[in-house]
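Peer 1: got a predicted model here, sequence first, then my questions.
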Amino acid sequence: MTDNILQQQIDYYRARANEYDEWFYRIGRYDRGEVNNQRWFEEIAVVKSAVQQIVGVNDILELASGTGIWTRELLNIGKKITAIDASKEVIAINRSKLNSPIVEYQQLDLFTWQPDTEYDLVFFAFWLSHVPPTLVDSFLAKVYQSVCIGGQVFIIDSRFEPTSTAKDHTLENDRNIYITRKLNDKQEYQIVKIFYHPDELQEKLNQVGFDADVKITDKYFIYAHGKKI
Ligand SMILES: C[S@@+](CC[C@H](N)C(=O)[O-])C[C@H]1O[C@@H](n2cnc3c(N)ncnc32)[C@H](O)[C@@H]1O
């Protein structure tokens, strides 16, 4: 079951590559009206400001880097970025948007990824929620292994909030593991989506060895900043 879903996740994001940014910029099916949209962008600004406060970083590893929404922010923080994603389609978009000599892309599956380098910062946005609960501890252990002593981890993800997703998606229960996602052409995929509560994420990060601080915005986002001491 899980293998099939993890493959569907890769297929979904490959097929969604050209429409992915509509979610972030609240366009089309993701336009939730002026009030919600404004709240979304205000909360994005809070998270971006927290990212912009990261200091003391040269080498960055970005996991599930997607179309470059956060890679662009990381360009202002470090001197070299290694950006990993399973989808060659999203990597192509990221590369053409950023056109940066300091970003190196690697197309690989994070569930078979074996870290072999340590970085000053490991960053991932809207990825942890797609890691099945049975694999999350081993995934975070690999993240820990990828951070140098004194280095940092920064995680951003979704809170359970029905207006964060498309109008034709249903979010009923914050404890479901699998959800159905649709593309603009109505094609459907099953993917994993886990909504962490701050104390749960804090405990997971502490367990693996990080000294971490987990925060939430009013409605939409959860974010964590940790240090390997
Ligand atoms: C929700 S998007 C997040 C993208 C980006 N971090 C952002 O915040 O805009 C999830 C990303 O995970 C990638 N992905 C899905 N399954 C993957 C896997 N098994 N290994 C690596 N990347 C994967 C997708 O291609 C997609 O770019």
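Peer 2: On my side now, so go ahead.
Peer 1: dump the residue contacts of Val47.
Peer 2: By CB atoms under 8 Å, 6 or more residues apart in numbering, Val47 lies in contact with Ile156, Thr217, Phe221, Tyr223. (Glycine included, C-beta is placed from N, CA and C.)
Peer 1: for the last one, name its beta-bridge partners.
Peer 2: What that stands for is Tyr223. Ile156, Lys215 (DSSP bridges).
Peer 1: which non-adjacent residue is nearest the closest residue to the ligand within the chain?
Peer 2: As assessed by CB to the nearest ligand atom, the ligand sits closest to Gly66 within the chain, at 2.4 Å. Nearest residue to Gly66 in three dimensions, chain neighbours excluded: Val90, at 5.2 Å (CB to CB, 6 or more residues apart in numbering).
Peer 1: I'd guessed that neighbour sits against Glu19; true?
Peer 2: No: taking CB atoms under 8 Å as the contact criterion, Val90 and Glu19 are not neighbours in contact, 11.2 Å apart.
Peer 1: surely Asp199 is within a helix?
Peer 2: Yes: Asp199 sits within a helix when classified using DSSP: H, G, I helix; E, B strand; the rest coil.
Peer 1: ok, Val55 - how many residues close by?
Peer 2: Using other CB atoms under 10 Å, the number of residues around Val55 comes to 7.
Peer 1: next: the one 5 residues further on.
Peer 2: Residues contacting Ile60 under the criterion other CB under 10 Å number 26.
Peer 1: beta-bridge partners for it, please?
Peer 2: Ile60 has the following beta-bridge partners by DSSP bridges: Ile81, Leu121.
Peer 1: separation between it and Lys88?
Peer 2: 21 Å (CB to CB, to the nearest Å).
Peer 1: any weak-confidence spans in this structure?
Peer 2: Within the chain, the ranges that satisfy pLDDT under 70 run 1.
Peer 1: before we move on, back to that, looking at Val90 and Glu19, which is more packed in?
Peer 2: Ranked by neighbour count (other CB under 10 Å), Val90 and Glu19 place Val90 first, with 24 against 15.
Peer 1: contact partners for the more buried one?
Peer 2: By CB under 8 Å, 6+ apart, the contact set of Val90 is Tyr13, Arg14, Ala17, Tyr20, Ser65, Gly66, Thr67.
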